[in-house]
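S.K.: Fold the following.
(2 chains, ligands or ions: 2)
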Amino acid sequence: MCLAVPMQLVAMGADETGTVELDGIQHTIGLMLIEEPKIGEYLLIHAGYAIERLDCAEAEARLALFRTLAAIHRQETGQEVLLVAAPLRPETRR
Amino acid sequence: MNYIDGFRNQDAAARYRVTLAQLGQEWADQGGRACFMEVCGSHTMAIARFAIRDFLPPSVTLVSGPGCPVCVTDPGYIDAAIELAMQGKIIVTFGDMMRVPGSRSTLAKSRAAGGWIESCYSPVTALELARAHPDREIVFLAIGFETTMAPVLAMLDTARRAAIPNLTLLTAFKLVPPVLAALIADPELKIDGFLCPAHVSAVIGAHAYRPFADTHGVACVVAGFEPLDILHGVEGLLRQKIAGHATVDNQYSRVVRPEGNRIAQRLVDHYLMPADVSWRGLGVIPASGLVLRPEFARFDAESRHGLTVQPGRLNPHCLCGEVLKGKIRPVHCSLFGVACHPEHPLGPCMVSSEGSCGAEYRFASGGVTR
Ligand code: SF4
Ligand code: SF4
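M.R.: Ligands and ions are numbered 1, 2, ... in the order given. From the prediction side, this is the model:
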């Protein structure tokens, strides 16, 4: 649960949210913990919020590690790993 | 060579093996032995996964610390969450919590028995559920170290400003520096250095470890999670020992600032205040946790729903406490790989791959048994 995943900020949204992208998949995250986020930046995402910004090379390295770990997990358990929260629509659940 | 290869590079790893062997010998010649603790679950996992211990000289031992908020959550907390679920509240929790044993049951079993328990990756899920079900009470299990507190409080801040009335937190927030201080003070443990957690440090800042170096002479290195980051970190710790001078070396300045994330820190100060809290297997540590300030009591599940988290009952044979203090390795627990394995965890350290027992089971022992 302590994992934080780097994702690139691709758009700003309302209420201090933004859209980040990883492997072509987009997520909405909270930006209130970061000072002046800018489009194109890599942000460290933890529990649906950006907690820090990081340089591009660092982001690449981090992503490579997560992909390795995800592949191991998949191989061992046969289950997919989600690195970040998928957008949730509570009313469609249950 | 790109940056990624840089972190994984075999030649670089081989060079580290030589460097560490030389430094280890130099240290041994001075009559030294060093015990370093990696505090963070993500370090533990990488150390097991990449067999980092094979790189260490004989004069250096690397032990795992209490680096995971799930692992150190008292079973009484799970009991309380189950009770709230049975009362009809909607419980929202991080996925890892589902299978962690409480005194009698787990959240997963309680869900199978009909409790509405949602696992999530983000606390925002709790807010969305609260909006979608105004007739229900939503309780978010707010466990976490400094890293996780900030997102949870950001969510709470949104809920408060939007005047959401049906959302509370069952808090079990814990602070990393006080537990490290407690471990330093433990006479049975002789910790010479800390490999400090990367993401916690992003929030609290590298300066937070200064008292350990300045006052207690414990070497500190903030290190990333890549295998070479960890080897580099151990090298840094060993160099500090040899030089006889303890400092805080921030090797993760790619992400961690000396002062940390000020916005996150302000949010924490605004909503929370220090409290003595209980750590699974470690007992109560003074001022090692944070609870909601009285003015935010309406967001506190305990006061709002009239319940108090009581200390839970641990499996008497589970040695998680000793594992979390770095006193024993997981294989020294008689249940390891026998009654306790990832499909049937008896202690939280086995639940996820970041727990010491889980990491060791999956990687170090080749995933079989001891
Ligand atoms: S259960 Fe795993 S992810 Fe969660 S805190 Fe423990 S080690 Fe970390
Ligand atoms: S092997 Fe299982 S029972 Fe033993 S310490 Fe680890 S988690 Fe606890």
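S.K.: Please count neighbours and contacts with C-alpha atoms only from this point.
M.R.: Will do.
S.K.: okay, the residue nearest to B:H341 when sequence neighbours are not counted: pLDDT?
M.R.: Excluding its sequence neighbours, the residue lying closest to B:H341 (Cα to Cα, 6 or more residues apart in numbering or on different chains) is B:M350, at 6.4 Å. With respect to pLDDT, B:M350 has a value of 83.
S.K.: what does B:G41 give?
M.R.: Per-residue pLDDT puts B:G41 at 79.
S.K.: That one: neighbouring residues, count only.
M.R.: When counting by other Cα atoms under 10 Å in any protein chain shown, one arrives at 28 neighbours for B:G41.
S.K.: The one 3 residues further on now?
M.R.: Using other Cα under 10 Å, B:T44 has 28 other residues around it.
S.K.: Is ligand 2 within reach of the helix or strand harbouring it?
M.R.: Assigned by DSSP states H and E, B:T44 belongs to helix B:41-49. No - using Cα under 6 Å from any ligand atom, helix B:41-49 stays clear of ligand 2, coming no nearer than 13.6 Å.
S.K.: how about the residue nearest to B:H341, what does it touch?
M.R.: With contacts defined as Cα atoms under 8 Å, 6 or more residues apart in numbering or on different chains, B:M350 is in contact with B:C340, B:H341, B:P342, B:S356, B:C357, B:G358, B:A359.
S.K.: Quickly note the distance from B:E26 to B:V221.
M.R.: To B:V221, B:E26 is 20 Å away according to Cα to Cα, to the nearest Å.
S.K.: Between those two, which has more neighbouring residues?
M.R.: B:V221 (29 against 16).
S.K.: wait, isn't the more buried one in contact with B:G233?
M.R.: Yes - judged on Cα atoms under 8 Å, B:V221 makes contact with B:G233 at a distance of 6.0 Å.
S.K.: Could I get the contacting residues of whatever residue of the stretch 51-200 of chain B ends up closest to ligand 1?
M.R.: For the stretch 51-200 of chain B, the residue closest to ligand 1 is B:C68, as judged by Cα to the nearest ligand atom, at 3.1 Å. Neighbour list for B:C68: A:C2, B:C40, B:G41, B:F145, B:E354, B:G355 [criterion: Cα under 8 Å, 6+ apart].
S.K.: what about whichever strand or helix holds A:L44 and ligand 1, any contact?
M.R.: Per DSSP H and E, A:L44 falls inside strand A:42-46. No - using Cα under 6 Å from any ligand atom, strand A:42-46 never reaches ligand 1; the gap is at least 12.3 Å.
S.K.: Look at B:V179 and say how many residues are nearby.
M.R.: Around B:V179 there are 24 other residues, counting by other Cα under 10 Å.
S.K.: Make sure it is indeed in a helix.
M.R.: Yes - checked against DSSP: H, G, I helix; E, B strand; the rest coil, B:V179 lies within a helix.
S.K.: out of everything not next to it in sequence, what's closest to it?
M.R.: With sequence-adjacent residues excluded and distances taken as Cα to Cα, 6+ apart, B:V179 is closest to B:S288, at 6.5 Å.
S.K.: Secondary structure element holding that neighbour?
M.R.: strand B:283-292.
S.K.: Now for B:V221 and B:G233: what residues contact both?
M.R.: By Cα under 8 Å, 6+ apart, B:V221 and B:G233 have these common neighbours: B:L195, B:Q251.
S.K.: Could you tell me the end-to-end distance of stretch B:247-265?
M.R.: Start to finish, the residues bounding stretch B:247-265 are 23 Å apart (Cα to Cα).
S.K.: Kindly report the same for stretch A:21-34.
M.R.: End-to-end for stretch A:21-34, by Cα to Cα: 17 Å.
S.K.: so does the helix or strand where B:A28 lies get close to chain A?
M.R.: Element membership for B:A28, per DSSP H and E: helix B:10-29. No - Helix B:10-29 lies out of reach of chain A by Cα under 8 Å from any Cα of the partner chain, never closer than 15.3 Å.
S.K.: in that helix, what counts as buried?
M.R.: Buried residues in helix B:10-29, defined by neighbour count with 16 or more other Cα atoms under 10 Å in any protein chain shown: B:A13, B:Y16, B:R17, B:T19, B:L20, B:A21, B:L23, B:G24, B:Q25, B:E26, B:W27, B:A28.
S.K.: Stretch A:44-54 close to chain B?
M.R.: Yes - using Cα under 8 Å from any Cα, stretch A:44-54 comes into contact with chain B via A:H46, A:A47, A:G48, A:Y49, A:I51, A:E52, A:R53, A:L54.
S.K.: so what's the residue in the stretch 51-200 of chain B positioned nearest to ligand 2 closest to, chain neighbours aside?
M.R.: Residue nearest to ligand 2 within the stretch 51-200 of chain B (Cα to the nearest ligand atom): B:C71, separated by 8.8 Å. Leaving aside its sequence neighbours, B:C71 sits nearest to B:P348 (Cα to Cα, 6+ apart; 4.8 Å).
S.K.: Check whether the one you found really touches B:E354, as I assumed.
M.R.: No - taking contacts as Cα under 8 Å, B:P348 lies outside contact range of B:E354: 10.2 Å.
S.K.: So between these two, which is more surrounded?
M.R.: A count of neighbours by other Cα under 10 Å puts B:P348 above the other of B:P348 and B:E354, at 29 against 26.
S.K.: can you tell me how far the more buried one sits from ligand 2?
M.R.: The gap separating B:P348 from ligand 2 is 5 Å, by Cα to the nearest ligand atom, to the nearest Å.
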